[in-house]
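Q: Provided below are the primary sequence and the corresponding predicted coordinates.
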Amino acid sequence: MSASSSWKANQRRLAPWLFLTPGIVMFLIYVIVPIFQSMWISFYDWDGLGAKTWIGLGNYIELIDDDAFYTSFKNNIIWLVLYMFAVPAGLMIAIFLNQTIRGMRFYKSLFFFPFVISQVVVGLMFSWFYAPNFGLLYKLIEMLTGQGVAILADDRFVTYGIIAAGLWPQIAYVMILYLTGLNNVAPDQIEAARLDGAKGWKMLWYVIIPQLRPATFIAVVVTVIGALRSFDLVSVMTDGGPYGSSRVLSFYMYEKALSEYGFRMGYGAAIAVVLFAIMMVFISGFIWKMWRDETER
Amino acid sequence: MVRFSKGALAVVATLMMSGSAFAEQRVLKYNADFDATPLAAMQALIADFEAANPDIKVELNNFDHEGYKTAIRNFLTADSPDLANWYAGNRMAPFVNAGQFMDVTDVWDANNLGDALGATKASMTIDGKQWGVPYTYYQWGIYYNKDAYKAAGVSEPKNWEEFVANCEKFKAAGIDCLTTGTKALWPGAGIFDYLDMRVNGYEFHMDLTAGKVAWTDDKVRNVFKEWARIQPYITANAAAIDWQDAAALLVQGKAANYVMGNFAVATFKQGGMTNDNLGFMVFPEITAGLPRAEEAPTDTIHIPAGAKNVADAKTFLAYVASAEAQTKLNAALGQLPTNKNATVDSADPYISAGFAELSSAYALAQFFDRDAPAEMAKAGMEGFQEFMAKPENLDAILTRLEKVRGQVYK
């Protein structure tokens, strides 16, 4: 009797937690706990099989003196900066496609296509595109300059070559976000701006883009995350090569901890912690912004 | 009620009978990583083994070749089979040191394998004990396109000086003297291993891969000096090419020589080469008078420490090591038997050449990524890849490798 009455009294307070419980439990087991486990493992020297040896900050000290780590870090920065190109490019294509002519849906689906196919397929297509001796781009450069350039074998170009491959689906993704955003642009405001004589760039900059702010926010978030977790393309196209010059942090972590020549769990975990710290900077920024927007309303 | 209990009794009785029938045939779980052709060869061996031992049933659980390298670490600790494939040399050291593989010295002693498998005994031995049984190996050497030699008007080199001199003539004819594809890193290590064994000899090479010699040693520099002589004649952009793509260059006659393992013969022949235009030679001598060592990566079978059916697993190892089983298995594999009493197909010129090459060799190396610990191997192979693209970076490469050596061998 008393149990049911206390349920009635607190029903409104308890019900949300009841619904949240499954999600929270899963999130704890599969996300939160492993984060702390990784941090814990990063203080050990462990090959995944034998006994763990506590070495304190040893892995991090080795990391500071590791050229490959700095190469990966530098590449991650390049990825972050150049990947941002997907945002304006996606916006341009979305505006271009936001018209009503016959067969527009077909053209839209063509532009969206690269996002639908797997990253592995994207990577393979681009590696053939760049391939020495028979690749399309290689042949093209050879025709123009007489000397072909094997993008993926040259440490000067390799990272840019992979980023170009990654941008292709990423632009499509951003485009879709903006296309849905453009559907929600208030027609009366455009009408009013037009009456006031706004056109072209002014219309875009002062009327359209401010209304696309939610879409822009999401586009930046997915692009930052996409740039930081860039693993599959590196793995498929170069395996981190030539001689490790196209590694990024996520790939370097995999290499050290899980690949054929790795199995240094502690060192891999240390790299993962550093990558996590970098991501945390962005993630907390985003959360802070979302929090501000929510409370302002 | 009575009728029911009678029926139940009958059911129980049948169950027990069938149970005893199962008990008669003991199960041997075998985890392996065979590709299609080797899988068929091993299945034939297993069928023969089961015919000879009707009370044993081998359950072969085949993995994807690359995935196996990760999977073995999981199943050895979680759900151990009775037999597992792996490799000889330093590659098995982590499992031996972690107590994951069982000492099978008694199998070697009982079957007098120390004599029959003499060539591979050293690479199966850690701490004076044997930890598995080798069932096949294959030779490395230089595979070459005889048509490309004709096109450039050169003859097969007798020694290293002639090999280098040939390279200039190949260049004039627009042919890559030496091809390789190092996208997966390891093919470059074959070139290094041979140059090191020919310049400095087997003992030095083993000391280097065991971390006893500095990478900045002058003897290591001598190896790269010889490598630098042929570096301009190696296929450009090798770092972006898979080894199969480089094989295609050899098949098409765009490249003349390829330092490779015998498994590549199948690829060359698929590309249209025949015994008439595909040549094989032992890597030529560089330092005169050095005893000739060769590369012969050895594939092995081990008993995991967690095996449930150890007695039958040992019976199986003894069978796999026998001359008859190895003759038949390796004929199907197209590779070389490790048992010296086994015979090879004399009609296959590459197999016969390899058998002669290895049985007369002074010593056998496993291959750079099996002789050196994993982390050193990775760093080394990246260094070889970089050297072939940018030989001017040699000092930086050697300094980096020396730093890795300091961290790996503690």
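A: Structure received. These numbers come from a predicted model, not from an experiment.

Q: helix, strand or coil for the residue most central in space within chain A?
A: Geometric centre of chain A, nearest residue: A:Gly226, 0.8 Å, by C-alpha atoms, centre = their mean. At A:Gly226 the chain is in helix, as set by DSSP: H, G, I helix; E, B strand; the rest coil.

Q: so what's it up against?
A: Applying C-beta atoms under 8 Å, 6 or more residues apart in numbering or on different chains, we find A:Gly226 in contact with A:83, A:86, A:166, A:170, A:173. From N, CA and C alone the C-beta is placed, and that goes for glycine too.

Q: Identify the residues contacting the residue most central in space within chain B.
A: Closest residue to the average C-alpha location of chain B: B:Pro297 at 2.9 Å, with C-alpha atoms, centre = their mean. Neighbouring residues of B:Pro297 by C-beta under 8 Å, 6+ apart: B:87-88, B:137-138, B:140, B:261, B:366-367, B:370.

Q: mind redoing it with 10 Å?
A: With contact taken as C-beta atoms under 10 Å, 6 or more residues apart in numbering or on different chains, B:Pro297 is in contact with B:87-89, B:91, B:123, B:136-140, B:190, B:261, B:263, B:364-367, B:369-371.

Q: In this structure B:Ala365 contacts B:Tyr137, no?
A: No. Here B:Ala365 does not reach B:Tyr137: they are 11.2 Å apart, not a contact under C-beta atoms under 10 Å.

Q: what's the overlap in contacts for the two?
A: In contact with both B:Ala365 and B:Tyr137: B:123, B:295-297, using C-beta under 10 Å, 6+ apart.

Q: So which of the residues you listed belong to strands?
A: B:Glu295 (DSSP state E).

Q: of the shared contacts of B:Ala365 and B:Tyr137, closest to A:Glu260?
A: Among the shared contacts of B:Ala365 and B:Tyr137, B:Pro297 lies closest to A:Glu260 (C-beta to C-beta), at 14.4 Å.

Q: What pLDDT does the model give that closest one?
A: pLDDT recorded at B:Pro297 is 91.

Q: Quick check, pLDDT for residue 39.
A: No chain was given, so I picked chain A. At A:Met39, pLDDT is 94.

Q: nope, chain B
A: 90.

Q: Please name the nearest non-neighbouring residue to it.
A: When the adjacent residues along the chain are set aside, B:Leu39 lies closest to B:Asn62, with 5.9 Å between them (C-beta to C-beta, 6 or more residues apart in numbering or on different chains).

Q: tell me the contacts of the one you found?
A: B:30-36, B:38-39, B:42-43, B:68, B:85 are the contacts of B:Asn62 under C-beta under 10 Å, 6+ apart.

Q: In the sheet, which residues pair with it? Tell me.
A: B:Ala32 (DSSP bridges).

Q: Show the average pLDDT along stretch B:347-355.
A: Averaging pLDDT along stretch B:347-355 gives 88.

Q: Quick check: which ranges of the chain have low pLDDT?
A: You didn't pick a chain, so chain A it is. Filtered on pLDDT under 70, chain A yields the residue ranges A:1-3, A:297.

Q: my bad, chain B
A: Applying pLDDT under 70 to chain B flags the ranges B:1-24.

Q: All the strands of the stretch 251-400 of chain B, in order from the start?
A: Applying DSSP state E, counting those that start in this stretch to the stretch 251-400 of chain B gives strands spanning B:255-261, B:278-281, B:293-295, B:298-302, B:363-365.

Q: Chain A: which of the ones you listed is closest?
A: With respect to chain A, and counting by C-beta to the nearest C-beta, the nearest of the strands of the stretch 251-400 of chain B is strand B:255-261 at 11.2 Å.

Q: and the closest one, which strands flank it?
A: strand B:140-145 (antiparallel), strand B:176-179 (parallel).

Q: I'd like to know which of the ones you listed lies nearest to B:Asn237.
A: strand B:176-179 (10.9 Å).

Q: Compute the inter-axis angle for the next helix or strand after that closest one and strand B:255-261.
A: Sequence order places helix B:186-199 as the next helix or strand after strand B:176-179, per DSSP states H and E. Orientation check (axes from the mean of the first three to the mean of the last three C-alpha atoms, to 10 degrees): helix B:186-199 against strand B:255-261 gives 90 degrees.

Q: And the very next helix or strand once past helix B:186-199, what does it pack against?
A: Following helix B:186-199 in sequence order, the next helix or strand is helix B:202-209 (DSSP H and E). Here helix B:202-209 touches helix B:186-199, helix B:218-230, strand B:293-295, strand B:363-365, helix B:368-371, helix B:374-389, going by 3 or more C-beta pairs under 10 Å, 6 or more residues apart in numbering or on different chains; DSSP states H and E.

Q: how about CSV for these, with distance to chain A added?
A: Output for these, formatted as CSV (distance: least, C-beta to the nearest C-beta, whole Å):
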stretch, distance to chain A
helix B:186-199, 10
helix B:218-230, 15
strand B:293-295, 18
strand B:363-365, 18
helix B:368-371, 7
helix B:374-389, 4
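
Q: wait, which of those is closest to B:Val310?
A: Nearest to B:Val310 among the helices and strands packed on helix B:202-209 is helix B:368-371; the distance by C-beta to C-beta comes to 26.3 Å.

Q: Check which residues of the closest one are buried.
A: By neighbour count with 16 or more other C-beta atoms under 10 Å in any protein chain shown, helix B:368-371 contains the buried residues B:368-371.

Q: Please apply the same query to stretch B:245-262.
A: B:245-251, B:253-262.

Q: do stretch A:149-166 as well
A: A:149-155, A:157-159, A:161-166.

Q: could you pick out which of those are near chain B?
A: A:149-155, A:158, A:161 (C-beta under 10 Å from any C-beta of the partner chain).

Q: Need those in CSV (columns: secondary structure).
A: Below are these laid out as CSV (three-state DSSP):
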residue, secondary structure
A:Val149, coil
A:Ala150, coil
A:Ile151, helix
A:Leu152, helix
A:Ala153, helix
A:Asp154, coil
A:Asp155, coil
A:Val158, helix
A:Gly161, helix
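
Q: Quick one: residues contacting the nearest residue to A:Leu63 once chain neighbours are set aside.
A: With sequence-adjacent residues excluded and distances taken as C-beta to C-beta, 6+ apart, A:Leu63 is closest to A:Phe69, at 5.2 Å. The contact partners of A:Phe69, taken as C-beta under 10 Å, 6+ apart, are A:62-63, A:247, A:249, A:252, A:256, A:267, A:270-271, A:274.

Q: and of the residues you listed, the nearest to B:Lys158?
A: Relative to B:Lys158, the closest of the contacts of A:Phe69 is A:Arg247; by C-beta to C-beta it sits at 43.3 Å.

Q: The closest one contacts A:Asp239, correct?
A: Yes. Here A:Arg247 reaches A:Asp239: they are 9.3 Å apart, a contact under C-beta under 10 Å.

Q: Many thanks, have a good one.
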